[in-house]
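J.: Pasting a predicted model and its sequence here:
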Amino acid sequence: SAVISQKPSRDICQRGTSLTIQCQVDSQVTMMFWYRQQPGQSLTLIATANQGSEATYESGFVIDKFPISRPNLTFSTLTVSNMSPEDSSIYLCSALDRGLGYTFGSGTRLTVV
Amino acid sequence: GQQLNQSPQSMFIQEGEDVSMNCTSSSIFNTWLWYKQDPGEGPVLLIALYKAGELTSNGRLTAQFGITRKDSFLNISASIPSDVGIYFCAGGESNAGKSTFGDGTTLTVKP
């Protein structure tokens, strides 16, 4: 399966600031996704990162708050904008390729103070 | 949106025992996936199921895609301490590729 490098692995940020999380896959993949996992909870899909076009957001998530880029088939970024303590969570990048299956990055543990 | 009911929520078992967990949904899924998550890590895919009725094994793990496409189970045989972790099921929409996750089963194995 594909290998995903996600960074930063963790960060502590001031409220009102923004953080950009990077996701690099070691091979070209068909689809990339961003998930959020709040402490002790399951994973919730934020959006599907579309290559060369705007991301597709799930209900409850909007582009202004979580802008996403995917300039090519191996890289994507998620920005958490204007952060508040409620944004403290683990953010996970995932990739899918029919030949390689599903893979997750190790996650970015974000704490907003 | 689609929701999955995963049970049990947690399990405490003795090393060597077999484990069974399952997921059900009111919606049909085209794929069923089972993941394990260790602390501080992202989920790792254990088994992927792509066809209704499919039964697949991966070592001591066995999973089945229910005939109705609304459920799946995961069995772990002869559990060992390193099986400890949180197990998630996920239903996948093959066209969109995205997955809906269950709430997880926390497994504790006592040596």
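T.: Thanks, I have the structure now.

J.: Next, name the residue at the spatial heart of chain A.
T.: Nearest residue to the geometric centre of chain A (Cα atoms, centre = their mean): residue A:34, 3.6 Å.

J.: Which strand residues bridge it?
T.: residue A:47, residue A:93 (DSSP bridges).

J.: mind listing what it touches?
T.: The contact partners of residue A:34, by Cβ atoms under 8 Å, 6 or more residues apart in numbering or on different chains, come to A:23, A:45-47, A:49, A:55, A:66, A:68, A:76, A:78, A:91-94. Yep, even glycine has a C-beta here, placed from its N, CA and C like the rest.

J.: how far away is the closest residue to residue A:81 other than its chain neighbours from residue A:80?
T.: Counting by Cβ to Cβ, 6 or more residues apart in numbering or on different chains, residue A:81 lies nearest to residue A:18, which is 4.6 Å off, once chain neighbours are set aside. Applying Cβ to Cβ, to the nearest Å, one obtains 6 Å for the distance of residue A:18 from residue A:80.

J.: and chain B, which of its residues are near chain A?
T.: By Cβ under 8 Å from any Cβ of the partner chain, the part of chain B that sits against chain A consists of B:1, B:33, B:35, B:40-45, B:48, B:88, B:90, B:96-104.

J.: Just the buried residues from the residues you listed, in ChimeraX please.
T.: In ChimeraX, the members of those classed as buried (16 or more other Cβ atoms under 10 Å in any protein chain shown) are selected with the following command:
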select /B:33,35,42,43,45,48,88,90,97,98,99,100,101,102,103,104
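
J.: Filter the residues of chain B next to chain A down to the ones in strands?
T.: Among these, the residues falling in strands (DSSP state E) are B:33, B:35, B:44, B:45, B:48, B:88, B:90, B:99, B:100, B:101.

J.: Find the pair from those residues with maximum spatial separation.
T.: Distance extremes for these: the farthest pair is B:44 and B:100 at 18.2 Å, using Cβ to Cβ.

J.: my guess is residue B:84 meets residue B:109, correct?
T.: Yes - the pair residue B:84 / residue B:109 is scored as a contact, 5.3 Å apart, by Cβ atoms under 8 Å.
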